[in-house]
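Trainee: what follows is a protein structure lacking sequence information:
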């Protein structure tokens, strides 16, 4: 009986200390939370800019926007643009029951980068423009990332037809990405 009583007292003390620890963490004011979020976003932006300048990044997309404005929310693990030195991989995969050419319900194409231009405007917004040429792709890829966070918009403009595709997602260094690549064409 004494063992059960001691065990209950110990559990009660652990519960009280956890509640007090949570209350002390929740004492941040709204301004402090905003400042903390701004610092985090700024660090992510700097990390993304460095990765873009080093040609070693992945843009994980969670939204696809089609030619006439229709959009679809997708899995960021299987929808991405990956740049590594002078090579690029563009993969789009939809949540459908058909496997598609890449085995994931979409398409995966690889190509070489022929023109890689990074520009920053007066406000600090970053724009990357590159041409990707390969077996299944010949397109101009334009990435726009506003200053302050690593959220980016991408336009993929094919050279041989007008089936423009846009993506929205986050830019990460390649070593921090968590993508799953399907079969390439």
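Mentor: Alright, I've got the coordinates. Note that this is a predicted model, so its numbers are computed, not measured. Numbers count the residues shown, from 1 in each chain.
Trainee: scan the protein for its longest strand.
Mentor: strand 106-120 (DSSP state E).
Trainee: what's the next helix or strand after that strand packed up against?
Mentor: With elements assigned by DSSP states H and E, the helix or strand that comes after strand 106-120 is strand 126-134. Applying 3 or more Cβ pairs under 8 Å, 6 or more residues apart in numbering; DSSP states H and E, one finds that strand 126-134 makes contact with helix 30-53, strand 87-93, strand 106-120, strand 138-145. For every residue, glycine as well, the C-beta is placed using N, CA and C.
Trainee: tell me the most buried of the ones you listed?
Mentor: Mean neighbour count (mean count of other Cβ atoms under 10 Å) peaks for strand 87-93 among these, with a mean of 22.
Trainee: that one to strand 126-134, inter-axis angle?
Mentor: Relative orientation of strand 87-93 versus strand 126-134 (axes from the mean of the first three to the mean of the last three Cα atoms, to 10 degrees): 90 degrees.
Trainee: quickly run through the sheet partners of the helix or strand harbouring residue 72, with directions.
Mentor: For residue 72, the host element (DSSP H and E) is strand 71-73. The strands beside strand 71-73 in its sheet (DSSP bridges) come out as strand 56-65 (antiparallel).
Trainee: buried residues in the strand it pairs with?
Mentor: 57-61, 64-65 (16 or more other Cβ atoms under 10 Å).
Trainee: what's in contact with that strand?
Mentor: Strand 56-65 is contacted by residues 48, 51, 71-77, 79-85, 92, 94, 143, 152, 154, 165-174, 177-179 when judged by Cβ atoms under 8 Å, 6 or more residues apart in numbering.
Trainee: pull out the buried residues from these.
Mentor: Neighbour counting over the contacts of strand 56-65 (16+ other Cβ under 10 Å) leaves 48, 51, 74-77, 79-83, 92, 94, 143, 152, 154, 165-172, 177, 179 as the buried ones.
Trainee: specify the beta-bridge partners of the closest residue to residue 153 other than its chain neighbours.
Mentor: What sits nearest to residue 153 in space, not counting adjacent residues and going by Cβ to Cβ, 6 or more residues apart in numbering, is residue 144, at 5.0 Å. Going by DSSP bridges, residue 144 is paired in beta bridges with residue 127, residue 153.
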